[in-house]
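Student: mind looking at a prediction? Sequence and model below.
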Amino acid sequence: MPYSHAPQPTAPEPPAGPVDIRLVVTDMDGTLLDDDKRTPEGLWETLARLRRRGVLFSPASGRQYATLAAEFAEVADGMVFIAENGTYVVRDGRELSSDPLQPGVVARIVDAVRGLAAGGVDLGAVVCGKRSAYVERADEAFRAEVDKYYVRCEVVEDLTAVDDDVIKVALFDFGHAEETTAPGLAPFTDTHQVVVSGEHWVDVMNRTANKGAALRRLQRELGITPAQTMVFGDYLNDLEMLDAADWSFAMANAHPEVVRRARHLAPSNNDNGVLRTIARVLDL
């Protein structure tokens, strides 16, 4: 998701290719997609060229697997989807890895969200299971935001009673999540990850779960090194993923911490930065 106060570019641009890249991993919102959530022009042609080159392309997103699979349905064969911020990784319909939360923890998070709402914070929780996402809040404004990222979503009476393997709890804050919702979840930070994944989103996951951990497991399984990996990201939930690749790129619109952490800088998501960088470095 785009950062509203983009920093001045500081990371160096990489030299032009070709180089030995075997895996390209990109965040979606604020990175591959433009601010209107549109896929960039030339995406499908680029994916075809990467496939012919023997390069695996992998979306890595806070979005659910079903949403990513639908977005890439025509080219999904063989593609690895790093979904739900790394808590659920799937290839050709087969789970490669997952990191579910304990049911008692889910109930505690939901109770904390209810407490924040009772205190005046305008937010709602999305309990993210392997089969579906689940919400209690069903008003049109909240569902409009949730439906952007969760194509499978059920309204339930009680989120603490969801019968699914829950891999993440995502919270949408109509204000500024980093200033309101995230501090309200401080009691969970000693035992779990509380990650600000966008201006309005906070995710709570197991401490062992993040995009970087999922990527490192995938690299080991495929025999691909960090030197052969190219990664793109824009927000705080992308930091560990950037650390797992020698060819790490922050988007020009990225959060300042992401720019500091990445080795290189790519043009913004609204300037087709991912595809332009891939073409330049890999000489496509």
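Tutor: Cool, got the structure.

Student: C-alpha from now on. contacts and neighbour counts both.
Tutor: Fine.

Student: so where do the helices sit in the stretch 151-284 of the chain?
Tutor: Ranges of helices in the stretch 151-284 of the chain, per DSSP state H, counting those that start in this stretch, are 181-184, 211-222, 239-243, 256-261, 273-282.

Student: will you turn those into a markdown table that also has mean pLDDT and distance to residue 39?
Tutor: Shown next, in a markdown table, are those (pLDDT from 0 to 100; distance: least, Cα to Cα, whole Å):
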| stretch | mean pLDDT | distance to residue 39 |
| --- | --- | --- |
| helix 181-184 | 93 | 29 |
| helix 211-222 | 96 | 21 |
| helix 239-243 | 96 | 21 |
| helix 256-261 | 96 | 22 |
| helix 273-282 | 96 | 11 |
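
Student: those helices: which one's closest to residue 144?
Tutor: Nearest to residue 144 among those is helix 181-184; the distance by Cα to Cα comes to 19.3 Å.

Student: so what does the closest one touch, helix or strand wise?
Tutor: Counting contacts by 3 or more Cα pairs under 8 Å, 6 or more residues apart in numbering; DSSP states H and E, helix 181-184 packs against helix 103-118, strand 192-196.

Student: measure the residue nearest to the spatial centre of the chain to residue 155 for me?
Tutor: The chain has residue 61 as the residue nearest its centroid, 2.3 Å off, counting by Cα atoms, centre = their mean. Applying Cα to Cα, to the nearest Å, the value for residue 61 to residue 155 is 23 Å.

Student: so which residues of the stretch 1-150 of the chain form strands?
Tutor: Assigned by DSSP state E, counting those that start in this stretch, the stretch 1-150 of the chain shows strands spanning 23-26, 56-59, 80-83, 88-91, 94-98, 123-129, 133-135.

Student: which residue, other than its chain neighbours, is closest to residue 242?
Tutor: Among residues not flanking residue 242 along the chain, residue 248 sits closest, at 5.2 Å (Cα to Cα, 6 or more residues apart in numbering).

Student: so what's that neighbour bridging to?
Tutor: When bridges are called by DSSP bridges, residue 248 pairs up with residue 231.

Student: tell me if I'm right that it and residue 238 touch.
Tutor: No: counting by Cα atoms under 8 Å, residue 248 does not reach residue 238; the two are 10.3 Å apart.

Student: please identify the most buried of the strands of the stretch 1-150 of the chain.
Tutor: Each of the strands of the stretch 1-150 of the chain was scored by mean neighbour count; the highest is strand 80-83, a mean of 28, by mean count of other Cα atoms under 10 Å.

Student: give me the number of residues near residue 118?
Tutor: For residue 118, the neighbour count with other Cα atoms under 10 Å is 10.

Student: rewinding a little: for the strands of the stretch 1-150 of the chain, give me TSV that also has mean pLDDT and distance to residue 46.
Tutor: Output for the strands of the stretch 1-150 of the chain, formatted as TSV (pLDDT from 0 to 100; distance: least, Cα to Cα, whole Å):
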stretch	mean pLDDT	distance to residue 46
strand 23-26	98	11
strand 56-59	97	10
strand 80-83	96	16
strand 88-91	96	20
strand 94-98	94	25
strand 123-129	97	31
strand 133-135	98	31
